[in-house]
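> this is a predicted model, with the sequence first.
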Amino acid sequence: MAALNRTFLGMKVWPASMLKTYFPFLISGTTAYFLFNFAGVKLRDDPTDKWAKVVENVREASAQQALKNEAAAWYNEQIAKKEGKASKH
């Protein structure tokens, strides 16, 4: 009986399982993936993120300024009405 020559792309191949050969790489790759993912999530959810606070402060200041502008417009209308009534008398 002829011996079976196992070849792949012209190279001799020995029968071995993929898991037995590559398990250290599979374990380290999986561990690195989850640890980097964990670190990324923790960095994105940082409660002391100063830039998120800056954006929040600017939005709050813009809303307050809009209220001040409305109040100033109302006040100017009241003054104009009062001056208009005073000039008619």
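All right, it came through fine. Everything numeric here is computed off the predicted structure, so don't read it as measured data. Numbers count the residues shown, from 1 in each chain.
> tell me the pLDDT at the spatially most central residue of the chain?
Centroid-nearest residue in the chain, with CA atoms, centre = their mean: residue 44, separated by 5.8 Å. pLDDT recorded at residue 44 is 83.
> could you do residue 64 as well?
For residue 64, pLDDT reads 95.
> for the chain, which segments count as helices?
Ranges of helices in the chain, per DSSP state H, are 18-44, 50-88.
> can you report how many residues neighbour residue 72?
10 (other CB atoms under 10 Å). Glycine gets a C-beta too; all of them are placed from N, C-alpha and C.
> look up how far residue 81 lies from it.
Separation of residue 72 from residue 81 (CB to CB, to the nearest Å) stands at 15 Å.
> with residue 5 instead?
103 Å.
> again, but for residue 26
From residue 26 to residue 81 the distance is 79 Å (CB to CB).
> more neighbours: which of residue 5 and residue 81?
residue 81 (10 against 7).
> any idea how far residue 74 is from that one?
Note on residue 81: its distance to residue 74, by CB to CB, is 11 Å.
> again, but for residue 10
Residue 10 is 87 Å from residue 74, by CB to CB.
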